[in-house]
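> Pasted the sequence and its predicted model underneath.
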Amino acid sequence: MDLPGQVNCETCRIRSCAVEVLDQQELDILKTNCAGAVYARNERIFQQGSLTSNIAYVKTGLVKIHKNGPSKDQILKLVKPPRFIGIPTVLGDKINNYSATALLPTTVCFIVTSTFKTLIMRNGRFANEVINSICQDELTFYDRSINQMQKQIHGRLADALLFLADEIFEADSFDLPLSQSDLGDYIHATRESVTRTLGRLKADGLIQVKGKNIKLIEKDMLRKISKLG
DNA sequence: GCATTAACCACAG
DNA sequence: CTGTGGTTAATGC
């Protein structure tokens, strides 16, 4: 992997589909206007309310996108790399509309916003890839919104556990990267409800819990719960 | 009415 | 930060 700070977009092995379609000249432009950074667990990548800076591309790790609402913080989504984050907030406003925080040690590449715009202007295929990625994100977000609104706690928690296992970790046993309070912010529930519901799933033998480690035992049953809400 | 759900509060490891 | 118990408001038989 490239050293943090210095990046080489030509040889980067986890570059985006969008960067894949750039020509040599464009890669040179990108390379000189791009910098890598490393974040520790729970370190903020950008902060809601502060001036937007650069376009961020998450290369490794895990990131939560979250926003302070009227009463409390809410986790909008968890982002598994490689993925751009914050394109809407950087291009859509001068002030960040939401925050991004690393949940695991995370590496990020920042692209100077004006450079990003230049590439979009110059290269239609690049723009197309970026738009595709934003569209996918939006569709995913719609699904999640509907699921959150129409299910009750058991379904929402089962959803989250299956998502973590299938999409994020690709394993049925994993260490929760979130506190139970964070998990509550993610599935629209209080910390207490998360504790209780996890306890019930455990008591019913659907999952095993050892500290932070969660192991899904009866995934079919969890899917059923997720489906029925 | 009665049961269920989930938030709110308090207190204890 | 997590686990529990009591209370309470809303919703649905």
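It's in. Predicted model only: the values in this text are computed from it and were never measured. Numbers count the residues shown, from 1 in each chain, chains lettered A, B, ... in the order given.
> tell me which parts of chain A are close to DNA strand C?
A:179-181, A:191-192, A:195-196, A:198-199, A:209, A:212 (Cβ under 7 Å from any atom of the strand). Where C-beta positions appear, they are placed from N, C-alpha and C, glycine not excepted.
> All the strands of chain A, in order from the start?
With DSSP state E as the criterion, chain A has strands at A:34-39, A:44-46, A:55-60, A:63-68, A:73-79, A:83-85, A:99-102, A:106-111, A:173-175, A:207-210, A:213-216.
> returning to what we had before: which of the residues of chain A next to DNA strand C are buried, as a PyMOL select command?
Buried members of the residues of chain A next to DNA strand C, defined by 16 or more other Cβ atoms under 10 Å, are picked up in PyMOL with:
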select buried, chain A and resi 180+198
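> which among the residues of chain A next to DNA strand C are in contact with DNA strand B?
A:Glu192.
> Columns pLDDT and distance to A:Leu62 on top of the residues of chain A next to DNA strand C, output as a markdown table?
Below are these laid out as a markdown table (pLDDT from 0 to 100; distance: Cβ to Cβ, whole Å):
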| residue | pLDDT | distance to A:Leu62 |
| --- | --- | --- |
| A:Ser179 | 96 | 14 |
| A:Gln180 | 97 | 17 |
| A:Ser181 | 96 | 17 |
| A:Arg191 | 96 | 21 |
| A:Glu192 | 96 | 25 |
| A:Thr195 | 97 | 22 |
| A:Arg196 | 96 | 26 |
| A:Leu198 | 97 | 20 |
| A:Gly199 | 95 | 25 |
| A:Val209 | 94 | 20 |
| A:Lys212 | 94 | 14 |
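> how many neighbours does the residue lying closest to A:Ser50 once chain neighbours are set aside have?
Once flanking residues are discounted, A:Ser50 sits nearest to A:Asn96: 5.6 Å by Cβ to Cβ, 6 or more residues apart in numbering. The burial count assigned to A:Asn96 is 19, neighbours taken as other Cβ atoms under 10 Å.
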